[in-house]
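> need the 3D shape of this:
(one chain, ligands or ions: 2)
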Amino acid sequence: MEQIVSEGLINSVMAKEAFVTESRKKLIDLACLMVVTLRQGGKILIFGNGGSAADAQHMAAEFVNRFLINRRPLAAVALSTDTSIITSIGNDFSFDEIFSKQVQALGKPEDLALGISTSGSSMNVIKGIEVAKEIGMRTAVLTGGIAGDGGELGRISDIFLNVPTAKTQHIQEVHLWVEHLLCEIVEREIFGEE
Ligand SMILES: O=C(CO)[C@@H](O)[C@H](O)[C@H](O)[C@H](O)COP(=O)(O)O
Ligand SMILES: [Zn+2]
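Ligands and ions are numbered 1, 2, ... in the order given. From the prediction side, this is the model:
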């Protein structure tokens, strides 16, 4: 048990370090894309599966309510939360379309689609990003995997932030850290130290 704790700590820290070494600039680029989107009256549509579905709604809550500063709400919607929409699309059409149909319904060219996938290969996230591109939206993804190219999602998105480790749990741990950093940068850029 001691070993599990020690290895978990070391691997988690190493995943963060590897991410920052590779993607510090891309993190800032994505934060800037979010700032531009929100300043121009666009919204951020966030989606992913499992733990990443939880991340999507966690992040949307930080934007709509607050992160560190009391300020006006920022426009963000998690597409992983409406069980009626998700089950009806999954039941009547395909689970692959649970995000793409919502992006079609809500997305506007001035919006940003943010997909989250530790494998970079979940078909419903890929389809969500594809539809966002068709609409003319900005697109970004948080991915993982040792290849470092973000998989299919990395290939089709404007910006991808990849966590270069094979372990899903550590990719998710870094994703949450990155999501909080994005919220902090965006909030400070738009509202300063209010
Ligand atoms: O939280 C975890 C694993 O830590 C799982 O729920 C995980 O998110 C699910 O298996 C997802 O379906 C994985 O999808 P993805 O990240 O590869 O797109
Ligand atoms: Zn998990």
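
> let me see the mean pLDDT of the strand or helix carrying residue 10.
Assessed by DSSP states H and E, residue 10 sits inside helix 2-39. Averaged across helix 2-39, the pLDDT comes to 95.

> again, but for stretch 56-70
Per-region confidence: stretch 56-70 scores 97 on mean pLDDT.

> what's the first-to-last distance across that stretch?
Length of stretch 56-70, first residue to last, Cα to Cα, to the nearest Å: 21 Å.

> is that stretch positioned near ligand 1?
No: judged by Cβ under 6 Å from any ligand atom, stretch 56-70 makes no contact with ligand 1; its nearest approach is 11.0 Å. C-betas here are computed from N, CA, C, even on glycine.

> sort out which residues of that stretch are buried, please.
Buried residues in stretch 56-70, counted by 16 or more other Cβ atoms under 10 Å: 56-57, 59-60, 62-63, 66-67.

> of the residues you listed, closest to ligand 1?
residue 56 (11.0 Å; Cβ to the nearest ligand atom).

> that closest one touches residue 50, doesn't it?
No: applying Cβ atoms under 8 Å, one finds residue 56 not in contact with residue 50, separated by 10.6 Å.

> next secondary structure after the longest strand anywhere in the chain?
What stands out as the longest strand in the chain, according to DSSP state E, is strand 138-144. Next along the chain after strand 138-144, taking DSSP H and E as the criterion, comes helix 151-156.

> check whether that next one contacts ligand 1.
No: judged by Cβ under 6 Å from any ligand atom, helix 151-156 makes no contact with ligand 1; its nearest approach is 8.6 Å.

> show me the contact partners of that helix.
With contacts defined as Cβ atoms under 8 Å, 6 or more residues apart in numbering, helix 151-156 is touched by 115, 117, 119-121, 125-126, 129-130, 133, 139, 141, 143, 145, 149, 160, 162.

> are any of those residues buried, and if so which?
Those of those that meet the buried threshold are 115, 117, 119-120, 125-126, 129-130, 139, 141, 143, 145, 160, 162, by 16+ other Cβ under 10 Å.

> please narrow those to those residing in helices.
Using DSSP state H, the members of the buried ones among the contacts of helix 151-156 that fall within helices are 125-126, 129-130.

> list the contacts for residue 73?
Residues counted as contacts of residue 73 (Cβ under 8 Å, 6+ apart) are 63-65.

> which SS class is it?
State at residue 73, reduced to three classes by DSSP: H, G, I helix; E, B strand; the rest coil: coil.

> the closest residue to ligand 1 within the chain: neighbour count?
Residue of the chain nearest ligand 1, by Cβ to the nearest ligand atom: residue 50 (2.4 Å). Counted with other Cβ atoms under 10 Å, residues neighbouring residue 50 total 14.

> would you mind measuring from residue 68 to residue 94?
The gap separating residue 68 from residue 94 is 40 Å, by Cβ to Cβ, to the nearest Å.

> what's the answer for residue 136, then?
Distance from residue 136 to residue 94, by Cβ to Cβ: 24 Å.

> more neighbours, the two?
Counting neighbours by other Cβ under 10 Å for residue 136 and for residue 94 shows that residue 94 has the greater number, 14 against 11.
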